[in-house]
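[1] Provide a 3D model corresponding to the input given below.
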Amino acid sequence: MGSNDLADANECGIGVREILSGDGTVRRRLMVHCDPRSEAVYVSNCAACERCIGFRPPGHGQSGTVLCRRFEGEPTPPVDAGMQAPVRAVMERNIVCVRPDVRVETIAALLLEWGADGVPVVDEEGHPIGMISWTDLLRERLDGASAPSGPGEAGGADLPSGAPTHATAGDVMTPLVFSVVESTELSRAAALMSAEGFEQLPVVMGDGTVGGLLSTRDVARWVGSSERSGK
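    Next up is the predicted model:
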């Protein structure tokens, strides 16, 4: 790889998607946004692309980049700004998803570990089928605590707060009705989240699998950053 190659290269950040199953196994895929295709692709597809110069390993908390060649005369991708930016400029690319058989205790631990407000629930292929938030987990715990544990007995509220539950992601998730693609304008995604009362929206790739997650926190952070840079 020569210095001229690097001078003509775009550095495309790699995102990581992990899917946790109920048996504890984790499937990990690496994704990157491809400007020529205007969509996210799996990094494994990059090696066969004539634009691919190479890969830069992870460092300083980053998951690595793909070095992608710009051809002569090809315009530099515009800098995204404001609410007209596509969702891909704002969304979180390093995400964890869960299968429907994952226990709610495991999901709560994941949310704490990742500092996340919610996680997508996906099918075997990685297509989104639902979302789980802290609200869903709390509702499950409160419903379980108020349910009678047997004839003539007090409700489950007498159980210790840490009592085990057999509930899974499939039991407590909010079934997915909406998702967006990464080229969706941020203003449209934010309007959808506001109208439907969503805190998070899964962002899907061209094959329909989850490639990112957009939250109200991401939107607020982006708007604040845009306003500061505009001053």
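
[2] for the top strand by length along the chain, the distance to its chain's centre please.
    Secondary structure of the chain read by DSSP state E shows that its longest strand is strand 9-20. Mean-position distance between strand 9-20 and its chain equals 11 Å (CA atoms, centre = their mean, to the nearest Å).

[3] how about stretch 52-70?
    With CA atoms, centre = their mean, you get 20 Å for stretch 52-70.

[4] do the same with stretch 47-65
    That offset, for stretch 47-65, works out to 20 Å (CA atoms, centre = their mean).

[5] and whichever helix or strand comes after the longest strand of the chain, what does it pack against?
    From strand 9-20 onward toward the C-terminus, using DSSP states H and E, the following helix or strand is strand 26-34. Where contact means 3 or more CB pairs under 8 Å, 6 or more residues apart in numbering; DSSP states H and E, strand 26-34 is packed against strand 9-20, strand 39-42, strand 65-69. Where C-beta positions appear, they are placed from N, C-alpha and C, glycine not excepted.

[6] any buried residues in whatever helix or strand comes next after the second one, and which?
    This points to strand 39-42. Scanning forward in sequence from strand 39-42 by DSSP H and E, the next helix or strand is strand 52-56. Of the residues in strand 52-56, 52-53, 55-56 count as buried by neighbour count, 16 or more other CB atoms under 10 Å.

[7] what about the nearest residue to R103 once chain neighbours are set aside, how many residues nearby?
    Leaving aside its sequence neighbours, R103 sits nearest to T168 (CB to CB, 6 or more residues apart in numbering; 5.8 Å). Counted with other CB atoms under 10 Å, the neighbours of T168 add up to 20.

[8] my read: T168 touches D101, true?
    Yes: here T168 reaches D101: they are 5.4 Å apart, a contact under CB atoms under 8 Å.

[9] what residues are shared contacts of the two?
    Common contact partners of T168 and D101 (CB atoms under 8 Å, 6 or more residues apart in numbering): G22.

[10] could you list the low-confidence segments of the protein?
    1-8, 59-62, 71-81, 144-165, 226-231 (pLDDT under 70).

[11] so which residues of the chain form helices?
    Along the chain, counting by DSSP state H, helices occupy 3-7, 104-114, 134-146, 169-172, 186-196, 216-229.

[12] which one of the ones you listed is the most hemmed in?
    The highest mean neighbour count among the helices of the chain, using mean count of other CB atoms under 10 Å, belongs to helix 169-172: a mean of 20.

[13] identify the residues contacting the longest strand of the chain?
    26-35, 40, 43, 53, 56, 62-70, 77, 93-99, 102, 106, 110, 122, 126, 209-212.

[14] at 7 Å instead, please
    Strand 9-20 has contacts (CB atoms under 7 Å, 6 or more residues apart in numbering) with 26-33, 35, 43, 53, 56, 63-70, 93-99, 102, 122, 126, 210-212.

[15] put the alpha carbons of it into CSV.
    C-alpha atoms of strand 9-20 as CSV (Å, rounded to 0.1, in the frame of the first residue of the first chain):
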residue,chain,number,x,y,z
ALA,A,9,-8.6,6.7,0.4
ASN,A,10,-11.7,7.1,2.4
GLU,A,11,-11.5,5.7,5.9
CYS,A,12,-14.8,3.9,6.6
GLY,A,13,-15.5,3.0,10.2
ILE,A,14,-16.4,-0.6,11.0
GLY,A,15,-19.4,-1.4,13.1
VAL,A,16,-19.9,-4.5,15.1
ARG,A,17,-23.2,-6.4,15.5
GLU,A,18,-23.4,-9.1,18.1
ILE,A,19,-26.4,-11.5,18.4
LEU,A,20,-26.8,-13.3,21.7
